[in-house]
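Engineer: After the sequence you'll find the predicted model.
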Amino acid sequence: MLQQTQVSRVLEKFEPFIERFPSIEALASADEEDVLGEWSGLGYYRRARMLHACAKAIVDRHDGEVPRDVESLMDLPGIGRYTAGAIASMVFGDREPLVDGNVTRVLQRLHNNPNQQTDPETIKWSWERASALVEASGDPAVLNESLMELGATVCTPKRIKCSVCPIAEHCQALSAGTTESVPPPKPRAKRKELFCTAVLVTDPEGRVLMEQRGSDGLWGNMWQVPTMETEKAPMDVLEIGEGAALVESFVHQTTHRIVRFDVYRCQSWEQREGQVYLDEDQIGALGVSNAQRRILSLSDTLFT
């Protein structure tokens, strides 16, 4: 949950998620739709699907027990070298390194390594340095947690707090006056633009028409109001239906996309296969993206 998500947001979701799925077996046996529903609002929904698949694999391959060695951990869905190292060191106390962006930044400044963080040679070097440190440490779990926290709270990309850094006297970048330039900023990848036309349709009972997305791509398996997507330009109001009226336009940004939403209300809409009218309680139990929650808040009858 903490991957690319603020702690304050995770705190709202963690306890309810654990209460709903108190064991690996409970999570593995749950429907994916229920897992997405509990995850709803955290974003990056691929994490929820991979966590669900991981629980199933642990039950199927390891009798419900999380494996201890890094190789077996990395063989599970959604677990890479970093997560495997975190589990092995912090849960089992094994001498396994972990490297994320925060750790790499700390190590690069410590050694005044000016190379790009994402270069293969820098990644290889970071893992070698982290391995040497964890082998020399008295407590691998404390070391790994400390390196991550140092990068997250003190040795940050900007507004670096060198005056309170516990290892400042060993920092070569600080001595050389290069902390602001080491590591160099990551080149920004150009984000794709996506145009979405969302349509709010309600029935006489005030329920909202909803549909479920396919399993692939952005927001896979999530629920939404009828939404049409194009990469070129937004739809014209005449293409939507009789009596369609624009309610709001907004921009929703993800890591790789800039998504531009036009939200319409439509009084005349032909219900299509897979589309169902749902009330607020029913929608609340489903996996719904933050963008779609904003759209639902515009309804006259729901989420007001």
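Structural biologist: Nice, thanks for sending it over.
Engineer: For the rest of this, base every contact and every neighbour count on C-alpha atoms.
Structural biologist: Will do.
Engineer: Just give the closest residue to residue 268, not the sequence neighbours.
Structural biologist: residue 242 (5.8 Å; CA to CA, 6 or more residues apart in numbering).
Engineer: which residues touch that neighbour?
Structural biologist: 266, 267, 268, 269 (CA atoms under 8 Å, 6 or more residues apart in numbering).
Engineer: Count residues in the vicinity of residue 65, would you?
Structural biologist: Residue 65 is flanked by 13 other residues according to other CA atoms under 10 Å.
Engineer: Need the pLDDT of it.
Structural biologist: Residue 65 carries a pLDDT value of 96.
Engineer: Show me the contact partners of stretch 59-71.
Structural biologist: 24, 25, 28, 55, 58, 73, 81, 84, 85, 87, 88, 92.
Engineer: about what we covered before: can you flag the buried ones in the contacts of residue 242?
Structural biologist: For the contacts of residue 242, a burial check counting by 16 or more other CA atoms under 10 Å picks out 266, 267, 269.
Engineer: Tell me how far the closest residue to the last one other than its chain neighbours lies from residue 208.
Structural biologist: The shortest distance from residue 269 to any residue that is not its chain neighbour, by CA to CA, 6+ apart, is 6.6 Å, and that residue is residue 241. Note on residue 241: its distance to residue 208, by CA to CA, to the nearest Å, is 17 Å.
Engineer: On the three-state scheme, the residue sitting nearest the centre point of the chain is what?
Structural biologist: For the chain, the residue nearest the mean C-alpha position is residue 44 (3.4 Å; CA atoms, centre = their mean). Following DSSP: H, G, I helix; E, B strand; the rest coil, residue 44 is assigned to coil.
Engineer: For residue 196, see how far away it is.
Structural biologist: On the measure of CA to CA, residue 44 and residue 196 end up 18 Å apart.
Engineer: And the least confident helix or strand in the chain by mean pLDDT, what does it pack against?
Structural biologist: Ranked by mean pLDDT, DSSP states H and E, the helix or strand of the chain with the weakest confidence is helix 237-240, at a mean of 74. Using 3 or more CA pairs under 8 Å, 6 or more residues apart in numbering; DSSP states H and E as the contact criterion, helix 237-240 has no neighbours among helices and strands.
Engineer: And the contacts of the helix or strand just after that helix?
Structural biologist: Once helix 237-240 ends, the next helix or strand along the chain (criterion: DSSP states H and E) is strand 245-253. Here strand 245-253 makes contact (CA under 8 Å, 6+ apart) with 237, 258, 259, 260, 261, 262, 263, 264, 265, 266, 291, 298.
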